[in-house]
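Undergrad: Need coordinates for the following:
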Amino acid sequence: MQVTWKRVSLVAAVLFLIGYIISVWWSIEPDSIEPYQLNNETGHKIVGYATTTSLILTMETLLDKNGGWLSNDVMPPSLFMDNMPAFEFGAIEQARDLALIMRKEFSRSQSQSTADKDLLAAHSKLNIEHTSWLVPSAEGEYRDAIKLLKLYRARIADTNNPDAQFYARADNLNEWLKEVQKRLGSMSQRLSASVGQERINTDLAGDTEASQSTPNLASQEIKTSWWQIDDVFYETRGATWALLNFMKAIEVDFADVLKKKNAEVSLQQIIRELEETQQPVWSPIVLNGSGFGIVANHSLVMANYISRANAAVIDLTNLLTQG
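TA: Numbering: from 1, shown residues only. Next up is the predicted model:
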């Protein structure tokens, strides 16, 4: 009996070690994606090709990276992993935002125009629950969305097909940047709450006649649970990774608009701050020291980069709004 228990313990230890090595391999984050530019037969840049390709490659990378899509796995070792699924969720949220703006703004000339059928279907498929593993599975719907995005990309690259368009205008770009601001602001707040904060309620500030459905406290302490700190951190890593890919593509497709508004430097500053969020994490765990304590606080460091990127996004929107 003693020999049997030793064998069982040895087998369990070997299985645990194998599972741990696999989980570490599957947790390697993908590199950022460089933008693709394509010219038509006349030598002119195909507007929208870089942005659409960046969205396609971002989704393909999430599905084809080490371990594939892990958020909906129900078997070990991915069942016990949370960092990479959090990374995937942050990235897919950014992909959904961009797909929505492409459907509502980039592909439409005005508010009365019809939404592009391929983008409409692609955005719908991207909105499936990212943890869905039965029929339809998240991976299956995402791959269908990629196919639809490739159809749209082929149509905008066809000079003989005027039905598919991508309009690179300052007002269109601003609509996407507004969504980016909201996401970055939310991420910054959640990251900063890792050490707990006493926050004043400013929900109705600036309007004496403003009201809300249910009253809130004048102030309250906001603190991210210790069990969720690493999830929030890696969700932010995934979101900024995807956003970095998209910003690089926007720099290509909206180059003329940015040049006219003298806003190239503002976008480059956003890209630089987002690149800093992708620096390697050398600590085996996400530390949560106090603001000026002995132990580092990775969440506050990330929040710093996010806040600076958000400030640059606000500056860019102001430049694009100016005539």
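Undergrad: Residue 152: what's it in contact with?
TA: Contacts for residue 152 (Cβ atoms under 8 Å, 6 or more residues apart in numbering) come out as 52, 107, 116, 118-119, 122, 164. The C-beta positions use only the backbone N, C-alpha and C, and glycine is treated the same way.
Undergrad: ditto for residue 36
TA: 49-50, 53-54, 57.
Undergrad: What segments of this structure are strands?
TA: Listed in chain order, the strands of the chain (DSSP state E) span 197-200, 219-222.
Undergrad: mean confidence for the last one?
TA: Within the predicted structure, the mean pLDDT of strand 219-222 is 58.
Undergrad: Check stretch 60-67 too.
TA: Averaged across stretch 60-67, pLDDT comes to 95.
Undergrad: got the buried residues for it?
TA: By neighbour count with 16 or more other Cβ atoms under 10 Å, stretch 60-67 contains the buried residues 61-62, 65, 67.
Undergrad: Among those residues, name the ones in helices.
TA: Among the buried residues of stretch 60-67, the residues falling in helices (DSSP state H) are 61-62.
Undergrad: Pick the one among the buried residues of stretch 60-67 closest to residue 158.
TA: The closest of the buried residues of stretch 60-67 to residue 158 turns out to be residue 61 (Cβ to Cβ; 26.1 Å).
Undergrad: Can you tell me, leaving aside adjacent residues, what's nearest to the closest one?
TA: Closest residue to residue 61 apart from its sequence neighbours, by Cβ to Cβ, 6 or more residues apart in numbering: residue 30 at 4.9 Å.
Undergrad: okay, now that neighbour: neighbour count?
TA: Applying other Cβ atoms under 10 Å, we find 17 residues neighbouring residue 30.
Undergrad: Touching, residue 184 and residue 311? I think so.
TA: No. Counting by Cβ atoms under 8 Å, residue 184 sits too far from residue 311 to count as a contact (9.3 Å).
Undergrad: Which of the two has more residues huddled nearby?
TA: Comparing residue 184 with residue 311 by other Cβ under 10 Å, the one with more neighbours is residue 184, at 27 against 15.
Undergrad: Quick check: closest non-adjacent residue to that one.
TA: The nearest residue in space to residue 184 (Cβ to Cβ, 6+ apart) is residue 310, at 4.0 Å.
Undergrad: Who are the contact partners of the one you found?
TA: 181, 184-185, 188.
Undergrad: and residue 120, how many residues sit next to it?
TA: Residue 120 has 16 neighbours, counted by other Cβ under 10 Å.
Undergrad: From what I see, it and residue 103 are in contact.
TA: Yes. The pair residue 120 / residue 103 is scored as a contact, 5.7 Å apart, by Cβ under 8 Å.
Undergrad: where does the stretch 201-323 of the chain dip in pLDDT?
TA: Within the stretch 201-323 of the chain, the stretches with pLDDT under 70 are 201-226, 291-292, 323.
Undergrad: And the helices in it?
TA: Assigned by DSSP state H, counting those that start in this stretch, the helices in the stretch 201-323 of the chain fall at 229-253, 255-260, 264-276, 298-321.
Undergrad: Highest mean neighbour count across the ones you listed, which stretch is it?
TA: Of all the helices of the stretch 201-323 of the chain, helix 229-253 has the most neighbours on average by mean count of other Cβ atoms under 10 Å, namely a mean of 24.
Undergrad: Can you name every helix or strand that that one contacts?
TA: Packing partners of helix 229-253 (3 or more Cβ pairs under 8 Å, 6 or more residues apart in numbering; DSSP states H and E): helix 49-64, helix 83-101, helix 170-192, helix 264-276, helix 298-321.
Undergrad: give me that answer again for 10 Å
TA: In terms of contacts (3 or more Cβ pairs under 10 Å, 6 or more residues apart in numbering; DSSP states H and E), helix 229-253 is packed against helix 49-64, helix 83-101, helix 170-192, helix 255-260, helix 264-276, helix 298-321.
Undergrad: quick check: angle from that helix to helix 170-192?
TA: Relative orientation of helix 229-253 and helix 170-192, computed by axes from the mean of the first three to the mean of the last three Cα atoms, to 10 degrees: 160 degrees.
Undergrad: Give me the distance from helix 229-253 to the chain's centre.
TA: 4 Å (Cα atoms, centre = their mean, to the nearest Å).
Undergrad: can you check stretch 65-77 too?
TA: Relative to where its chain is centred, stretch 65-77 has its mean C-alpha point 19 Å off (Cα atoms, centre = their mean).
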